[in-house]
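Engineer: Got a sequence here, can you build the structure:
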Amino acid sequence: MNKFYVLLLLVGIGSLQTKAQQFTAPNLRSHKFFPGTVSTLDGQVLQGYILNRDAEQNQKKCIFYTDFNDDRTKKEYGPTHISGYSIENNQYKSIPYAGNIAFGKPDKHFVYVAKPGAITTYVFWAPEEQMLWQKGDEAPVSNASLFMGFKKNMLKLVNDHAELAGKVERKEKGYGVTSVMQIIEEYNAWAASKK
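Structural biologist: Residues are numbered from 1 along each chain as shown. Coordinates of the predicted model:
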C-alpha cells in the first residue's frame, strides 16, 4: 500500500510541474562570457564578466572575471559565498533549497529568478524543472509542498492579502492547486499597488 502512495505522490508532483512549466532556461549560449554582476554578502555589487555554462552548472558555481582576457582576475563563488549574481538580464539568487522532496536542512543553491515580485518565482533544474516561490526572505515553497498541503503553504505566501487568502481558504473556483501562477500574479499586483 505504501508503494501506491509514493507513486501517487510522484505522479501528483509531476502533474503540478507540467501545469506550472512556463519558464525555460536562460536564453544565453553556453560557455561564453557575458557582462554580469556579483552581489556580495555585505551588499556590494561587483561589475565584471560571468562565464555562462548551462542552466544546471550555473546553479552550482559562479565563475567571475573582472577582465575575461586575464585569468588572474578569475574568482569562483559558491552559493554560500555570495547572495546572488546576474548574467546580462538573467539573475540567480542564493537560497536554501533541497529540491521538491526535501530531507533535512537544505543547502544553499543558486536558483534562477524567473519572475521577480513580492512573491518571486524561481526555477531550479535538477535536471527537470522545479518551480518554487519565495516571499521576501522567508523559506521558499516548492511544488511538492504545494501539492502535499496547498492551502496551508499557499496561505504562508499570501496571508497578508486578506481577500486573496480568504479565496484560497474557502477553496473558491480558480484558487486551487492548478492556479498557482494566477494566485501569485494576483498577489504581486496587489503588493505593487500598495507601494
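
Engineer: Now do the contacts for the spatially most central residue of the chain.
Structural biologist: By Cα atoms, centre = their mean, the chain has its centre lying nearest to Tyr122, at 2.0 Å. With contacts taken as Cβ atoms under 8 Å, 6 or more residues apart in numbering, Tyr122 has the following neighbours: Lys93, Ile95, Val111, Tyr112, Val113, Ala114, Met131, Leu132, Trp133, Gln134, Pro140. Heads up, the C-betas are built off the backbone N, CA and C, glycines and all.

Engineer: Quick check: bridge partners of the third one?
Structural biologist: Each beta-bridge partner of Val111 is listed here, defined by DSSP bridges: Lys93.

Engineer: Correct me if wrong: it contacts Tyr97.
Structural biologist: Yes: taking contacts as Cβ atoms under 8 Å, Val111 lies within contact range of Tyr97: 6.0 Å.

Engineer: Which neighbours do these two have in common?
Structural biologist: In contact with both Val111 and Tyr97: Phe124, Leu132, using Cβ under 8 Å, 6+ apart.

Engineer: Now for the contacts of Tyr122: which two are most distant?
Structural biologist: Lys93 and Met131 (14.2 Å; Cβ to Cβ).

Engineer: ok, those two, which is more surrounded?
Structural biologist: Met131 (25 against 21; other Cβ atoms under 10 Å).

Engineer: which element is the more buried one on?
Structural biologist: strand 129-135 (DSSP states H and E).

Engineer: That strand pairs with which strands, parallel or anti?
Structural biologist: Here, using DSSP bridges, strand 129-135 pairs with strand 119-125 (antiparallel), strand 141-142 (antiparallel).
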